[in-house]
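In: what would the 3D arrangement of this be:
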Amino acid sequence: MRHERIADPVTGFVYLAEWIGRCTDPDALALAASGLGVLTADGSVLRRGFTTGTTAAAACRAAVLSLAGPVDEVTLLLPCGLEVVVQAKGVGGRGEARKDSGDYHADVTAGLEFVALAEQVQSGVEVEYGEGVGRFTRETPRYRTGAPAVSPTARETIEAGVRSAAASVGLPGVRVSLSIPEGAAVATQTLNPRIGVEGGLSVLGSTGLVEPWDDHLSESALGRVEDAERVVLTTGRLGLRYSRLLFPEHEVVLVGVHLADALAVAKGEVVVCGLPGLVMKFMDPEVLAGTGCATVEELTGTPAWRGVMERTFASFKAAHPEVQVVVVARGGTVLGDSG
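Out: Numbers count the residues shown, from 1 in each chain. This next block holds a predicted model:
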């Protein structure tokens, strides 16, 4: 039986016909085709969730729209290009949204409430980050001390949602204050205290979607790795994008933190490519020892970076001579290539 071709609009991956054939639920296939679900090798479909950035944007947008009337849901354009409907309530300038983590069951932020308060001002768009949003307690390459831990992509999504909402209800300007009432408590379960972010959660989201990483999906990803003659293993969305640009003839598989499992089943030509954080720590969990840096990204901006990278490459190459490692910066510049 011939099955209609389906590509994941988020990653561009074309699902194998056998996977499509194993899925007997038309609604589940439609979810996969929409990008809000991921088809796995056994034909099951796992739901993607929404990031903290998307949830924050939904609360803020609902708050602004509610200045003109009650709101039950909002439409957002995500950084990955998908337009989605997010459940969010808004009444009288107060917006609320709860984080939907999809089928990523280990997400400690699942179900958290984000609250936004909106008021009309004379002109412009202003977003303030209050209770429960973490702040940096030290200087980093991208953030000043005291700055809210809101990634540029998440900030852009939030401000775009607020700006378009204000325009749609005819406001000349709007001020929005965002809070995460339980953010400070939940943040103690994250890496934020270790990287110098205190008082709450980071608001993030490179695509706007949370991947449904669980053991089931990992099996599907590992199956692709095992079957590939030439494969690139990558750890995140930016790595996925740059891997496809750098290695167009390879199968590129997003394996997240499962690099060791993926390497164990890979049989052909193998490249590990991605941003330096996860890749360097995978090669050497103690890579930051003695550097005085809290993150690998911070290390890349210091004079010590080149030497640390070359030593780590050499050590990893000695143990895995068949594996090429490429680390890239967020802007796409190749920082290092083990060859």
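
In: from now on I want contacts and neighbour counts done on CA atoms only, so please keep to that.
Out: Will do.

In: residue 116: what's it in contact with?
Out: If a contact means CA atoms under 8 Å, 6 or more residues apart in numbering, then residue 116 has 59, 60, 63, 94, 95, 96, 176, 177, 178, 179 as its contacts.

In: possible to save the residues you listed as CSV with neighbour count and distance to residue 196?
Out: What follows is these, written out as CSV (neighbours: other CA atoms under 10 Å; distance: CA to CA, whole Å):
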residue, neighbour count, distance to residue 196
59, 33, 26
60, 36, 26
63, 33, 30
94, 25, 31
95, 30, 29
96, 27, 28
176, 24, 26
177, 18, 23
178, 24, 21
179, 22, 20
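
In: make JSON lines from these and add pLDDT and secondary structure to it.
Out: Below are the contacts of residue 116 laid out as JSON lines (pLDDT from 0 to 100; DSSP: H, G, I helix; E, B strand; the rest coil):
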{"residue": "59", "pLDDT": "98", "secondary structure": "helix"}
{"residue": "60", "pLDDT": "98", "secondary structure": "helix"}
{"residue": "63", "pLDDT": "98", "secondary structure": "helix"}
{"residue": "94", "pLDDT": "98", "secondary structure": "strand"}
{"residue": "95", "pLDDT": "98", "secondary structure": "strand"}
{"residue": "96", "pLDDT": "98", "secondary structure": "strand"}
{"residue": "176", "pLDDT": "98", "secondary structure": "strand"}
{"residue": "177", "pLDDT": "98", "secondary structure": "strand"}
{"residue": "178", "pLDDT": "98", "secondary structure": "strand"}
{"residue": "179", "pLDDT": "98", "secondary structure": "strand"}
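
In: all strands for the stretch 201-339 of the chain, in order.
Out: Taking DSSP state E, counting those that start in this stretch as the test, the strands found in the stretch 201-339 of the chain are 209-210, 230-234, 251-254, 269-274, 323-328, 334-337.

In: any chance of these in CSV, plus distance to residue 165, mean pLDDT and mean neighbour count?
Out: Output for the strands of the stretch 201-339 of the chain, formatted as CSV (distance: least, CA to CA, whole Å; pLDDT from 0 to 100; neighbours: other CA atoms under 10 Å):
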stretch, distance to residue 165, mean pLDDT, mean neighbour count
strand 209-210, 21, 90, 24
strand 230-234, 36, 92, 26
strand 251-254, 35, 86, 23
strand 269-274, 36, 93, 23
strand 323-328, 36, 93, 21
strand 334-337, 39, 92, 16
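
In: so what does the longest helix anywhere in the chain touch, helix or strand wise?
Out: The residue-count maximum for a helix in the chain (DSSP state H) belongs to helix 152-168. Applying 3 or more CA pairs under 8 Å, 6 or more residues apart in numbering; DSSP states H and E, one finds that helix 152-168 contacts helix 52-65, strand 71-77, strand 124-129.

In: tell me which of the ones you listed sits nearest to residue 167.
Out: Closest of the helices and strands packed on helix 152-168 to residue 167 is helix 52-65, at 9.6 Å (criterion: CA to CA).

In: just want the angle from that closest one to strand 124-129.
Out: Interaxial angle of helix 52-65 relative to strand 124-129 (axes from the mean of the first three to the mean of the last three CA atoms, to 10 degrees): 130 degrees.

In: show me what helix 52-65 is packed against.
Out: Secondary elements touching helix 52-65 (3+ CA pairs under 8 Å, 6+ apart): strand 71-77, strand 83-91, strand 94-98, strand 113-120, helix 152-168, strand 173-179.

In: mind checking which of these is nearest residue 132?
Out: Across these, residue 132 has its closest neighbour in strand 173-179 (5.7 Å, CA to CA).

In: show me how far that closest one is from its chain's centre.
Out: Relative to its parent chain, strand 173-179 has a centroid offset of 24 Å by CA atoms, centre = their mean, to the nearest Å.

In: next helix or strand past it?
Out: Sequence order places helix 183-187 as the next helix or strand after strand 173-179, per DSSP states H and E.

In: extract the C-alpha set from that following helix and format it as PDB.
Out: Written as PDB, here are the backbone C-alpha positions of helix 183-187 (Å, rounded to 0.1, in the frame of the first residue of the first chain):
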ATOM      1  CA  GLY A 183       9.100  30.300  39.000                       C
ATOM      2  CA  ALA A 184      11.600  30.800  41.800                       C
ATOM      3  CA  ALA A 185      10.700  27.600  43.500                       C
ATOM      4  CA  VAL A 186      10.800  25.500  40.400                       C
ATOM      5  CA  ALA A 187      14.100  27.100  39.200                       C
END
